[in-house]
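Engineer: Got a predicted structure plus its sequence, pasted below:
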Amino acid sequence: MAKKKGKPRTHTLYSRICSPLRRVWQWSPERKARIKLAGGRCEECGLEVKGYDACVHHVRPADFRRIERVVREELLCGVENLLLLCRKCHHDIHHPKEESDG
């Protein structure tokens with residue numbers, strides 16, 4: 001079998017973050033609700049649209065570059081902002097026990 005010529009396919013951090021987010025959007029209740037509200041018809045021309053032809057457009061555009069930046073800063077941060085913990089200690093940090101008054 002011959003190898004395909006051209007650029008090797010690389011996955012940037014941007015695509016690794018945004019591709020799953022787009023899939024979440026594709027199956028979101030908000031997207032489905034807009035399709036139902038529009039009666040499955042294009043809100044510009046009235047054409048019936050189904051499946052992947054149903055393009056639910058953000059009036060205020062989703063800023064995937066900003067989302068990527070936040071994920072990078074908050075989730076995929078440097079090792080100096082990370083700790084390795086067992087499941088119990090991790091749970092205890094997020095759910096501290098209330099101190100008793102008496």
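Structural biologist: Right, received. Where do you want to start? Model, not experiment: these values are computed from the prediction.
Engineer: If you tally nearby residues, what's the number for Cys55?
Structural biologist: Neighbour count of Cys55, defined by other C-beta atoms under 10 Å: 7. Where you see a C-beta, it was placed from the backbone N, CA and C, and this is true even at glycine.
Engineer: now swap in Ile17 and tell me
Structural biologist: Neighbours of Ile17 under the rule other C-beta under 10 Å: 18.
Engineer: residues contacting it?
Structural biologist: Contacts for Ile17 (C-beta atoms under 8 Å, 6 or more residues apart in numbering) come out as 67-68, 71-72.
Engineer: any idea which element it lies in?
Structural biologist: helix 13-26 (DSSP states H and E).
Engineer: Among the contacts of Ile17, which one has the most neighbours?
Structural biologist: Glu68 (19 neighbours).
Engineer: Let me know the angle separating the helix or strand where it lies from helix 13-26.
Structural biologist: Assigned by DSSP H and E, Glu68 belongs to helix 64-74. Using axes from the mean of the first three to the mean of the last three C-alpha atoms, to 10 degrees, the direction of helix 64-74 lies 110 degrees away from that of helix 13-26.
Engineer: Only C-alpha atoms, please: export helix 64-74 in PDB.
Structural biologist: Output in PDB follows, covering the C-alpha atoms of helix 64-74 (Å, rounded to 0.1, in the frame of the first residue of the first chain):
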ATOM      1  CA  PHE A  64     -13.500  29.400  20.100                       C
ATOM      2  CA  ARG A  65     -10.100  31.100  20.400                       C
ATOM      3  CA  ARG A  66     -11.100  32.600  23.700                       C
ATOM      4  CA  ILE A  67     -12.500  29.200  24.900                       C
ATOM      5  CA  GLU A  68      -9.200  27.600  23.900                       C
ATOM      6  CA  ARG A  69      -7.300  30.200  25.900                       C
ATOM      7  CA  VAL A  70      -9.400  29.600  29.000                       C
ATOM      8  CA  VAL A  71      -9.000  25.900  28.700                       C
ATOM      9  CA  ARG A  72      -5.200  26.300  28.300                       C
ATOM     10  CA  GLU A  73      -5.000  28.600  31.400                       C
ATOM     11  CA  GLU A  74      -7.400  26.900  33.700                       C
END
